[in-house]
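**Q** Following is a predicted model, sequence given first.
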Amino acid sequence: MNKSLLTGAGRILWYLFWALFINVIYIWILRPVVQDLAVYGVLIDAALIVVWLTSIPRSVRRPWVVYTMVVLLIGEGLSTLAFGSVKTSTLGTIVMCVGLLIIAGWFGRVKLLPAFIGVVALVVAEMFIPRDDWAFLDHFKILQESRVHLTLQDMQEAPLAVIHKATGDAIITVDGYVPSSTDLEALAMNATDSPDALYNALQTANGEYQLVELEEQNGHLVKTTPTAKDLALVNPLQLVQAFFPYEIAHWYVNDGQISEYLTPYLDDRDAVATAVNPAAYASSIQVVANQAAQEEIENWDDCLRQLGVSPASGGLDVENGKLTGLDRGKSVSVPIDASTVVGIGHFTSKTDDQALLIGNNELHVVDLATGKVVSTYHGTVDNPVPNDVKIGPLVSGGTDAVFVNAVPAYILTVDSSGKWHQVYTATSSTFRFEAIMPNGQAQPEIVTNDPSMLRNSPTRYFSAYHFVGNPEGHGQLVRDWRVFRTNVVNVTPLKLQADGPEDLALDIYGTGEYMVIQKTNAPLLPIAAILLGLIIVIGWGIRLTRGNRRDAQ
Amino acid sequence: MKVRHRWATSVLISVFCGSLLAGCAPGVQTASIASGTATTVTQKNVDWTPLLNAITKSEGATLYRLQSSVSIQNGSLKTSYTVYGTIQLPDTINMQVHENNFNIGMYQQGQVAYQEDNGTWIKMQPLQNLDAYQGYADVIEQAMKQGYKLDEMNQTYVMDEYCNVYRVTVPNGMAPLPAFLADAVGSSAKTLNDTASGVEYVFYVGQTSGYLRQVQTQSVNMVNNVGPMLTSTTTLFSAIDQPTVAQMQIPSTLVQQLERGAN
């Protein structure tokens, strides 16, 4: 066969399509099959590869297989380079692409012009969204993908503190910056208030953090400097979770905005004194954490005072043994022994507004109309209640269940008489509940991070389930979808517009990358699978009509 | 023949390429401290004597290596505090502490004590009490005296020997706090008890050596405005009274710094 299968513009388009399509297939099908099914997945992939190989006409087999491998390699390389500095990633991209193209042209007899255009398309696509994050695209629209600058030694992911404003939700997070020498000089000269002040100030020479706000403007999420009014809505302890209580954030007001730097909380002598008393670790750290939390709050409130505002969470709070705040414009004041408020929901009744509070290894349901504690759940050492609790209904329109991220995680419901039922316990110790998303269907999606059932690996993937069973007895979780993306942390539901749909904000651990995603229901994964099937069938067709005739000669 | 050969090659290459994916790679992450963990209770309400004998014997040891890790779950994130060092009673210690990402070094012999920050050694006040077993002894004695029930768990291999495993849950605050926290707010045994779950101690007693080799704890500790945090700790004792293994040495960087004349 001397004539090529495709010529000119058609060939270029085909190369361009394949560069993107095969990477999508890799991220959506080839890799997930292995990640979920372990060695069976490897066998499935091997079978798929063999079937695909049989569909390539012999005359183009070598260049086509080589081109496929080159675009997969470049796809992988680019997603690794995405988190380097601009200089390294640019240089790395050029060296990698040019090198692989030369090899492909030389040994694989790949047509260079269309291959080059295919590679460029891939580079452009990955500039928008790194390939590892394409995993989200079969179930989500990525509204925003960006990153803040973090020194990974300080924190492995950006804090996401959501604030509720009248116009919609916004995120307060931190962004690294290196102060100019004049700024630093001014800072150093003013460091007078404690013996460590100068040391602390000059420590920031290599970088510190500024508080930034991510808010919706004309359909885009933009990074702005938060106003004092917005900062007053922040719970400062949400900004320090990644290192609390061992390190402490020092906040200070500079030029009308809040900046922070981190120092260890215990001095060296105290840290070692704690270390040589292992029997008391739990109590020591508890006392230290209480002190650190107190200092962080005082520090934060002091900064707010300097900005001329006072803290206003806008919701319910526990203060001095009392639940206080506003619910539907009515003020609430209920004496209770608890530390934090999880949220407002309907637990024992579908109509009454009830708050869920976390106490000392306990959960309290407080009726906001009557101001009474309706029911209390007591955790045990083996089945504890940590401060990582989500609420949401198991069935649309039903009462809210409580999703407790202990080890293992479990789901609680409470019936109208106030009796608690543990309706589900996770089978894996690393299973985590992230959020409960209403999706307009009978069963809300329970978004989780959990590992493969088959693989002996704790690697977790971003997934969703719905509950099947008796909400006052026992039930099972049935998987709705799984996004094969690991390292998804800080999953936070938010409404960027007050009357808009509920989106999810999340961080990718260890990168400073954050995303806001929105659920879509387009069947993209089946479409991609059908397309791959069609391509293989058409390949067989071409071989039968053209390729084999040549083979027979 | 040739065609069949090519077929075999392509199948082999496919399997090989497939296996490069994550599925066949060794997946299980090793824990930060490699040690066994007992999982099942084999007998309830057992005699305290073997555990008491072990802690008495351990209290007699004067040289050992200490390795600890503390993990706290706060919301969706975990933070850690790890310790590695050698203790020679009554007053010599060489220790590294990692608080999340800050590293601290400390060396003490008698009245001489130095701490290390960012590669520089600085003189400090020596620590008074270096006995890492003492807190456990207090917990075991008090728990027994106050009638807490001791459970036996499945025997478990820890580091280099099989251990008998015992478990008891006692109120938080039974172990005395380090001196610097004694007067801190919320540090009284009563407050600690009121603001935390019980602490579940799991003791591992070496079958050959007779020493307490490992202790794990689980608890839920309440922090104001933060909520209850899940706290789990693991502490390992090794090279107990084996001077050839756990050698106490002055850190070489400290020697170099002092020889240069920098104090």
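**A** Happy to help now that I have it.
**Q** For residue 242, list the residues it contacts.
**A** Picking chain A for this. A:155-157, A:159, B:77, B:79 (C-beta atoms under 8 Å, 6 or more residues apart in numbering or on different chains). Every residue, glycine included, has its C-beta placed from N, CA and C.
**Q** Please refer instead to chain B.
**A** Per C-beta under 8 Å, 6+ apart, neighbours of B:Q242: B:L63.
**Q** what residues does the stretch 51-200 of chain A put near chain B?
**A** Within the stretch 51-200 of chain A, the residues that sit near chain B (C-beta under 8 Å from any C-beta of the partner chain) are A:53, A:153-154, A:157.
**Q** show me where the stretch 101-250 of chain B has strands.
**A** For the stretch 101-250 of chain B, the strands defined by DSSP state E, counting those that start in this stretch occupy B:102-109, B:112-117, B:120-123, B:151-158, B:161-170, B:199-206, B:212-223, B:227-238.
**Q** Please identify the buried residues of the second one?
**A** In this case it means strand B:112-117. B:113-116 (16 or more other C-beta atoms under 10 Å in any protein chain shown).
**Q** so which of the residues you listed comes closest to chain A?
**A** B:Q115 (3.9 Å; C-beta to the nearest C-beta).
**Q** Was I right to think the closest one contacts B:P126?
**A** No. Contact between B:Q115 and B:P126 fails when scored by C-beta atoms under 8 Å: they sit 10.8 Å apart.
**Q** Tell me where the stretch 101-250 of chain A has helices.
**A** Ranges of helices in the stretch 101-250 of chain A, per DSSP state H, counting those that start in this stretch, are A:112-128, A:181-189, A:197-203, A:228-231.
**Q** Figure out which of these is closest to B:G186.
**A** B:G186 lies closest to helix A:197-203 among these, at 26.2 Å (C-beta to C-beta).
**Q** hmm, who's touching the closest one?
**A** Against helix A:197-203 from outside (C-beta under 8 Å, 6+ apart): A:184, A:187-188, A:190-191, A:250, A:261, A:263.
**Q** Please spell out which residues along it are buried.
**A** Here helix A:197-203 shows A:200-201, A:203 as buried, counting by 16+ other C-beta under 10 Å.
**Q** Please apply the same query to stretch A:164-177.
**A** For stretch A:164-177, a neighbour-count test (16+ other C-beta under 10 Å) marks A:169-176 as buried.
**Q** quick one: pLDDT of the residue of the stretch 51-200 of chain A found nearest chain B?
**A** Residue nearest to chain B within the stretch 51-200 of chain A (C-beta to the nearest C-beta): A:Q153, separated by 4.5 Å. Looking at A:Q153, its pLDDT is 74.
**Q** Need the nearest residue in space to it, chain neighbours excluded.
**A** Of all residues not flanking A:Q153 in the chain, B:N101 sits nearest, at 4.5 Å (C-beta to C-beta, 6 or more residues apart in numbering or on different chains).
**Q** Wait, that neighbour touches A:T151, no?
**A** No. Using C-beta under 8 Å, B:N101 is not in contact with A:T151; the gap is 9.2 Å.
**Q** Number of residues surrounding residue 102?
**A** Answering for chain A, as no chain was given. Neighbours of A:I102 under the rule other C-beta atoms under 10 Å in any protein chain shown: 11.
**Q** look at chain B instead
**A** Neighbours around B:F102, by other C-beta under 10 Å: 21.
**Q** and the gap between it and A:D302?
**A** Applying C-beta to C-beta, to the nearest Å, the value for B:F102 to A:D302 is 24 Å.
**Q** on that earlier part again, of the residues of the stretch 51-200 of chain A next to chain B, which pair is most distant in space?
**A** A:L53 and A:D154 (48.5 Å).
**Q** and the residue of the stretch 151-300 of chain A found nearest chain B, which of the three is it?
**A** In the stretch 151-300 of chain A, the residue found nearest to chain B is A:A279; the distance is 2.7 Å by C-beta to the nearest C-beta. When classified by DSSP: H, G, I helix; E, B strand; the rest coil, A:A279 comes out as helix.
**Q** pretty sure it contacts B:D138?
**A** Yes. Using C-beta under 8 Å, A:A279 is in contact with B:D138, at 7.0 Å.
**Q** Using CSV, write out the CA atom coordinates for stretch B:88-108.
**A** Taking Å, rounded to 0.1, in the frame of the first residue of the first chain, the C-alpha atoms of stretch B:88-108 are listed here in CSV:
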residue,chain,number,x,y,z
GLN,B,88,21.1,6.9,80.0
LEU,B,89,19.7,7.4,83.5
PRO,B,90,20.0,9.4,85.6
ASP,B,91,21.0,12.4,83.6
THR,B,92,22.3,11.7,80.1
ILE,B,93,20.2,12.0,76.9
ASN,B,94,20.7,12.3,73.2
MET,B,95,17.5,13.0,71.4
GLN,B,96,15.9,14.2,68.2
VAL,B,97,12.3,15.5,68.1
HIS,B,98,10.4,16.3,64.9
GLU,B,99,7.4,18.6,65.5
ASN,B,100,5.6,18.3,62.2
ASN,B,101,8.4,19.9,60.1
PHE,B,102,10.6,21.5,62.7
ASN,B,103,13.5,19.4,63.9
ILE,B,104,15.0,19.8,67.3
GLY,B,105,18.2,18.1,68.7
MET,B,106,19.1,17.9,72.3
TYR,B,107,22.1,16.5,74.2
GLN,B,108,22.6,16.5,77.9
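**Q** Give me every residue in the stretch 151-263 of chain B lying close to chain A.
**A** Going by C-beta under 8 Å from any C-beta, the residues of the stretch 151-263 of chain B near chain A are B:169, B:172-173, B:175-181, B:184-187, B:192, B:194-200, B:215, B:217-231, B:233, B:235.
**Q** ok, back up a step: adding distance to A:L221 and pLDDT, write the buried residues of stretch A:164-177 out as a markdown table.
**A** Output for these, formatted as a markdown table (distance: C-beta to C-beta, whole Å; pLDDT from 0 to 100):
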| residue | distance to A:L221 | pLDDT |
| --- | --- | --- |
| A:D169 | 11 | 87 |
| A:A170 | 9 | 88 |
| A:I171 | 8 | 89 |
| A:I172 | 13 | 89 |
| A:T173 | 11 | 89 |
| A:V174 | 16 | 87 |
| A:D175 | 14 | 86 |
| A:G176 | 19 | 82 |
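**Q** Looking at those, which two lie furthest apart in space?
**A** A:D169 and A:G176 (23.8 Å).
**Q** just the helices in the stretch 51-200 of chain B please.
**A** Ranges of helices within the stretch 51-200 of chain B are B:134-145, B:189-194, based on DSSP H, counting those that start in this stretch.
**Q** most tightly surrounded among those helices?
**A** Stretch with highest mean neighbour count among these: helix B:134-145 (a mean of 19; mean count of other C-beta atoms under 10 Å in any protein chain shown).
**Q** tell me what that helix is packed against?
**A** Under the contact criterion of 3 or more C-beta pairs under 8 Å, 6 or more residues apart in numbering or on different chains; DSSP states H and E, helix B:134-145 touches helix B:49-59, strand B:161-170, strand B:199-206.
**Q** Please state the offset of it from the chain centre?
**A** The chain centroid and the centroid of helix B:134-145 are separated by 18 Å under C-alpha atoms, centre = their mean, to the nearest Å.
**Q** How many residues are close by A:Q241?
**A** Neighbour tally, A:Q241, other C-beta under 10 Å: 20.
**Q** same check, this time on A:V491
**A** 21.
**Q** rewinding a little: buried ones only from the contacts of A:A242, please, as a ChimeraX command.
**A** A single ChimeraX command selects the buried members of the contacts of A:A242 (16+ other C-beta under 10 Å):
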select /A:155,156,157,159 /B:77,79
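**Q** Can you tell me which of the contacts of A:A242 is closest to A:D317?
**A** Taking C-beta to C-beta as the measure, A:D317 lies nearest A:P159 of those, at 19.6 Å.
**Q** Ignoring the adjacent residues along the chain, who's closest to that closest one?
**A** A:L239 (4.6 Å).
**Q** How many neighbouring residues does the one you found have?
**A** For A:L239, the neighbour count with other C-beta under 10 Å is 25.
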